[in-house]
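would you be able to build a 3D model of this:
(chains A and B)
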There are 2 protein chains.
Amino acid sequence: MTWLALDIGGANLKAADGLGFALARPFALWRRPEQLAAQLRQFIGEAPPASRIAVTMTGELADCYPTKAEGVRSILEALDEAAAGRRLAVYRVDGRFVPPDEARQQPLRAAASNWRALAAFANRFAAAWPALLLDLGSTTADVIPLDPHGPCTAAQTDVDRLLSGELVYTGVERTPVAAVVRTLPFRGRPCPVAAEFFATAADAYLLLGDLPAAPADCDTADGQPRTLPAAHARMARMFCGDAELVSRQEAITAAAAVRDAQLSLLESALRQVAARLAGTPRTVIISGHGEFLLRRLLERTFPDAVVLSLKDELGAAVSRCASAHALAVLAREGFGKD
Amino acid sequence: MTWLALDIGGANLKAADGLGFALARPFALWRRPEQLAAQLRQFIGEAPPASRIAVTMTGELADCYPTKAEGVRSILEALDEAAAGRRLAVYRVDGRFVPPDEARQQPLRAAASNWRALAAFANRFAAAWPALLLDLGSTTADVIPLDPHGPCTAAQTDVDRLLSGELVYTGVERTPVAAVVRTLPFRGRPCPVAAEFFATAADAYLLLGDLPAAPADCDTADGQPRTLPAAHARMARMFCGDAELVSRQEAITAAAAVRDAQLSLLESALRQVAARLAGTPRTVIISGHGEFLLRRLLERTFPDAVVLSLKDELGAAVSRCASAHALAVLAREGFGKD
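Residues are numbered from 1 along each chain as shown, chains lettered A, B, ... in the order given. As a prediction, the model looks like this:
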């Protein structure tokens, strides 16, 4: 029995086999939900042959679906079509794999379970507890408390997880700057920013040198390349300015303020979750695009914790698809040789 | 000599002749800058015949233009093509009309001058000074101090106007909820919201009954209609929820918090600008889509000021295009019979 695991998000599709294969691709589900089945079919075709498919999703929140229940059902339908007869196992927020029919009956249990798979898998890297998994991605972050038996969260659904601090809706790439700060420093004063999708967190980290330039990547706020001059122009627009009115150095100063605001958001959630642990976290497992920011966060919050990086453990490519990798490993182990 | 005035924004085109004709149409300039000339030509064709065209713009800030200077030049070029030989007069932030060639030489003076035209025109409705113009539109607000001679602002460019409080980048329709609040009340607690373009201020005011439903209008965050059930679903998504998980009443409670946050933003800018006046404002002229919110704002800030509504003075259709109307009036008066 061979497995392929899929993580179907609202902006990215990810796949992994748990043995080293990993594939991620941007797909704007909210714009083209009708193309999901075809995308998944192609995606499965590019992966090593697998007799079974495990699945987790967050795409049901995309605003192409009137409700999450309908989102889950639509995604399962697309998956069924793409799977071409392979058996499907849907991972739920309670940590169980269920057949699609059962997932359809309780769709909200199948919604947004990828954090659960990642945390259950990551826990094997912890040598001492209490522990935490911190995953910071392009759009959101997860702060998951771990004990020797696995994730021990206060909440399971997205809404409750926002309230508990276990889900933080901020990330190092897609997050709009206008959703992070009301003002940015400009010529020594706080300047209110434009309430527009003019720049994203990715521009801030590009300006700060934390994320690399990628001239071929135009998945940015203005559709221009992911380069320093373009990031400078985008950040300038947050002040209703441009690269002639706002200097590169002024854009970098603004970028640092965006980073600080994200660090504050994350710190507040981290402290909220850590307060429910039996003691100070002894191990913190970090993962996602934003590991660089999580290291800074931990330096100022829990400097004594042992920090383990999934990127170091799994390699960059697999760790980019860590939830899918985790799910494939869990599936293989859970189903054994049946 | 007959005039048509155009106000070329990043999301809307507006036209008026100053004599009662007014036309507004959504046009997503940032997505289709190459179609601007054709759109303007069609727009001019629908207006009463005019021998001259006056123009003001804010579209140069749209992220299809690398800099504002290039934006101004591109818009003037499109306009030149659409004007088909009619003489053009470009209004500047210093209150002067100039020919296109002169505007091209100092493009930043031609950028974002519509507030200036509106304020110069609105001042004639003030019976006592110090006075203020408060214009609250779909995306931004202007807070313009007036003395008997006209606008007496501390700033002229967008960047300086943000700093001075004279430009407030918040509006009653297009503003993303995630750019207004970090948290919204939910089940008695502040819940962090999704940093996504899931709902806008228009949804809040629709839920609160301040703006009417418009089932044919799908220019919303999710492309669904501007109706109560759809606004409810959009607001629920701010909590990573849906209309099944978040009740209508809970969505309305959230909407009230969005309104309160916008009122606070506006109040702070209003007090900042009013502090520079020679005394408490005696007349306040209000205009724009958001007059309903401005009335609330004034009740709690300057309850003794005489409030004049441009909607009452000009009628709803003309006031929807108040800057264009103002510009046409100023052009006719300024150029006399030459």
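
and residue A:82, what is it in contact with?
A:37-38, A:40-41, A:43-44 (CB atoms under 8 Å, 6 or more residues apart in numbering or on different chains). C-beta here means a position set from N, CA and C on the backbone, and glycine is covered the same way.

among these, name the buried ones.
A:37, A:40, A:43-44 (16 or more other CB atoms under 10 Å in any protein chain shown).

by contact count, what packs against the longest helix seen in chain A?
The single longest helix within chain A, with elements called by DSSP state H, is helix A:248-274. Applying 3 or more CB pairs under 8 Å, 6 or more residues apart in numbering or on different chains; DSSP states H and E, one finds that helix A:248-274 contacts strand A:131-136, strand A:141-147, strand A:167-168, strand A:183-186, helix A:201-207, helix A:228-237, helix A:291-301.

okay, those in JSON lines with mean neighbour count next?
Converted to JSON lines, these look like this (neighbours: other CB atoms under 10 Å in any protein chain shown):
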{"stretch": "strand A:131-136", "mean neighbour count": "26"}
{"stretch": "strand A:141-147", "mean neighbour count": "23"}
{"stretch": "strand A:167-168", "mean neighbour count": "24"}
{"stretch": "strand A:183-186", "mean neighbour count": "19"}
{"stretch": "helix A:201-207", "mean neighbour count": "27"}
{"stretch": "helix A:228-237", "mean neighbour count": "24"}
{"stretch": "helix A:291-301", "mean neighbour count": "18"}
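
of all these, which one is nearest residue A:329?
Set against residue A:329 and scored by CB to CB, the helices and strands packed on helix A:248-274 come closest in strand A:131-136, at 14.9 Å.

what lines up beside that closest one in the sheet?
Strand A:131-136 has these partner strands in its sheet, going by DSSP bridges: strand A:141-147 (antiparallel), strand A:283-287 (parallel).

now it: average pLDDT?
Here strand A:131-136 scores 98 as its mean pLDDT.

thinking again about what came up before, just send the strands paired with strand A:131-136 back as CSV, with distance to residue B:242 and mean pLDDT too.
CSV is the format used below for the strands paired with strand A:131-136 (distance: least, CB to CB, whole Å; pLDDT from 0 to 100):
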stretch, distance to residue B:242, mean pLDDT
strand A:141-147, 21, 98
strand A:283-287, 28, 98
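
in the sheet, who's paired with residue A:185?
Under the criterion used (DSSP bridges), residue A:185 bridges to residue A:190.

could I get the pLDDT score of it?
Model confidence at residue A:185 (pLDDT) stands at 98.

show me where the stretch 51-200 of chain A has its strands.
Applying DSSP state E, counting those that start in this stretch to the stretch 51-200 of chain A gives strands spanning A:52-57, A:87-91, A:97-98, A:131-136, A:141-147, A:150-151, A:167-168, A:183-186, A:189-192.

tell me the angle of the longest one relative to helix A:248-274?
Right, strand A:141-147. Interaxial angle of strand A:141-147 relative to helix A:248-274 (axes from the mean of the first three to the mean of the last three CA atoms, to 10 degrees): 30 degrees.

mind listing residues that contact strand A:141-147?
Contacts of strand A:141-147 (CB under 8 Å, 6+ apart): A:115, A:118-119, A:122-123, A:126, A:129-135, A:151-154, A:165-168, A:170-171, A:266, A:269-270, A:273-274, A:276-278, A:283, A:285, A:288, A:290.

from these, which would you call buried?
Applying 16+ other CB under 10 Å to those flags A:115, A:118-119, A:122-123, A:126, A:129-135, A:151-153, A:165-168, A:170-171, A:266, A:269-270, A:273-274, A:277, A:283, A:285, A:288, A:290 as buried.

how about the residues of the stretch 1-150 of chain A near chain B?
A:30, A:61, A:63-64, A:66-69, A:112, A:139 (CB under 8 Å from any CB of the partner chain).

where's residue A:138 relative to residue A:43, distance?
Distance of residue A:138 to residue A:43, given as CB to CB, to the nearest Å: 18 Å.

where in the stretch 201-338 of chain A is pLDDT low?
The stretch 201-338 of chain A contains residues with pLDDT under 70 at A:337-338.

so residue A:41 touches residue A:81, yeah?
Yes. In this structure, residue A:41 is within contact of residue A:81 by CB atoms under 8 Å, at 7.4 Å.

assign residue A:18 to helix, strand or coil.
coil (DSSP: H, G, I helix; E, B strand; the rest coil).

now do the contacts for it.
A:3, A:5, A:325-329, A:331-332.

which residue is the nearest non-sequential neighbour of it?
Excluding its sequence neighbours, the residue lying closest to residue A:18 (CB to CB, 6 or more residues apart in numbering or on different chains) is residue A:328, at 3.0 Å.

my guess is the one you found is in a helix, correct?
Yes. Assignment of residue A:328 by three-state DSSP places it within a helix.

pretty sure it contacts residue A:5?
Yes. In terms of CB under 8 Å, residue A:328 counts as a neighbour of residue A:5; the distance is 3.7 Å.

more neighbours: which of these two?
residue A:5 (32 against 29; other CB atoms under 10 Å in any protein chain shown).

list the beta-bridge partners for the more buried one.
Beta-bridge partners of residue A:5, as defined by DSSP bridges: residue A:16, residue A:54.

that one contacts residue A:334, doesn't it?
No. Between residue A:5 and residue A:334 there is no contact under CB under 8 Å: 11.7 Å.

contact partners for residue A:10?
Shown in contact with residue A:10 (CB under 8 Å, 6+ apart): A:29-30, A:58-59, A:61-62.

okay, and it sits in which element?
In the assignment (DSSP states H and E), residue A:10 maps to no helix and no strand.

for it, which non-adjacent residue is closest in space?
residue A:62 (4.0 Å).

distance of the residue nearest to the spatial centre of chain A relative to residue A:307?
Nearest residue to the geometric centre of chain A (CA atoms, centre = their mean): residue A:137, 3.6 Å. According to CB to CB, residue A:137 stands 18 Å off from residue A:307.

how about residue A:48?
In terms of CB to CB, residue A:48 sits 32 Å off from residue A:307.

tell me which of these two has more neighbours.
residue A:307 (17 against 12).

which residue is the nearest non-sequential neighbour of the more buried one?
residue A:284 (5.3 Å).

quick one: contacts for the residue in the stretch 1-150 of chain A that chain B sits nearest to?
Closest residue of the stretch 1-150 of chain A to chain B, CB to the nearest CB: residue A:63 (3.7 Å). Listed by CB under 8 Å, 6+ apart, the contact partners of residue A:63 are A:30, B:198, B:221-224, B:234, B:237.

list only those of those flagged as buried.
For the contacts of residue A:63, buried by 16+ other CB under 10 Å: A:30, B:198, B:221-222, B:224, B:234, B:237.
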